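Participant: compute the structure for the input listed below.
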Amino acid sequence: IAGVVAASAILASTTASAVGFASWAQEPGGSAPTRDSTFRFFQASYEPREFVEACTRVLELALEGDAAKIPGPFVFDVERSYSRDEVWELFHQELANRGFTTVLPPGSETLRLVPLTDAAGIARLESADPQRSPAGFQRVIYPLRFRKPETVANTVQPFLSKPAGAVTVLADGQGLVLSDLRWHLDQARTLLNRLDGPADEPALEEISLQHLSPAGMSALIDRVNNARKLVTGEPPRGALLPLADTRSLLVVAPIE
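Facilitator: Okay, the predicted model is just below:
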């Protein structure tokens, strides 16, 4: 579809009057669909242009792009009803399955239909809440408070889609830019909220020695730890600090 998409009467509101969606406002005796209304398809199969027009009408979205390039047809269960949120999910899942998505370009409030491979180069930067944008593909800034972005980026990358998903460390080192389909960003945000928490304060304990000096005990424990590392491949977490002018060691270790 070249230009802004207009809707056609392909979805029917399953409110009390079940009025055709293209003319519900003027239909005598019809009740206007509300946010809680559900919708169903009139027929089981639609061409791409019809599918795009129907979904954007239900979602009340303006969309630029050529729907004729999308592989079709689209096949649905005519007995099933969809909420508006489910129509959004269905619309963008079906587009993504065919290599397309929607983005909001910089300076525009009109969605654009684009190939999924081009989406990252067109989508504008959004806030850290991807639910606030109607676009299927988004570029989102996630500020980090406690963790180093380089470390977190390596953990998050496997949870993004391939090949469209990407993570970039901000130049100032204060956060990440994630680019992906919205449902993958929701998953990444859940992971980031878990990762970016304050580190646990370590436990500190002073241990008094009776027979060995602090330096001797520290050297002995270092030998044991090195042997353990050779066997397990992992060094123990924590450190021993001999306290000057005492017969004590200070143990610094995670609380476990």
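Participant: longest single helix anywhere in the chain?
Facilitator: Looking across the chain with DSSP state H, the single longest helix is helix 214-232.
Participant: would you mind measuring the gap between the ends of stretch 109-121?
Facilitator: From its first residue to its last, stretch 109-121 covers 17 Å (C-alpha to C-alpha, to the nearest Å).
Participant: quick one: buried residues of that stretch?
Facilitator: Counting neighbours by 16 or more other C-beta atoms under 10 Å, one finds that the buried residues in stretch 109-121 are 111-114, 116, 119-120. Where you see a C-beta, it was placed from the backbone N, CA and C, and this is true even at glycine.
Participant: ok, now stretch 156-168?
Facilitator: Residues 156, 159-161, 164-167 are the ones in stretch 156-168 that count as buried (16+ other C-beta under 10 Å).
Participant: look up how far Arg139 lies from Asp196.
Facilitator: Plainly put, Asp196 is 19 Å away from Arg139 if you go by C-beta to C-beta, to the nearest Å.
Participant: check what pLDDT the residue most central in space within the chain gets.
Facilitator: Centroid-nearest residue in the chain, with C-alpha atoms, centre = their mean: Leu185, separated by 1.0 Å. pLDDT, Leu185: 92.
Participant: can I assume it sits in a helix?
Facilitator: Yes - the assignment for Leu185, made by DSSP: H, G, I helix; E, B strand; the rest coil, places it in a helix.
Participant: surely it and Gln138 touch.
Facilitator: Yes - contact criterion C-beta atoms under 8 Å: Leu185 and Gln138 qualify, at 6.1 Å.
Participant: picking that back up, so Asp196 and Arg139 - more neighbours on which side?
Facilitator: Neighbour count, other C-beta atoms under 10 Å: between Asp196 and Arg139, Arg139 has more, with 24 against 17.
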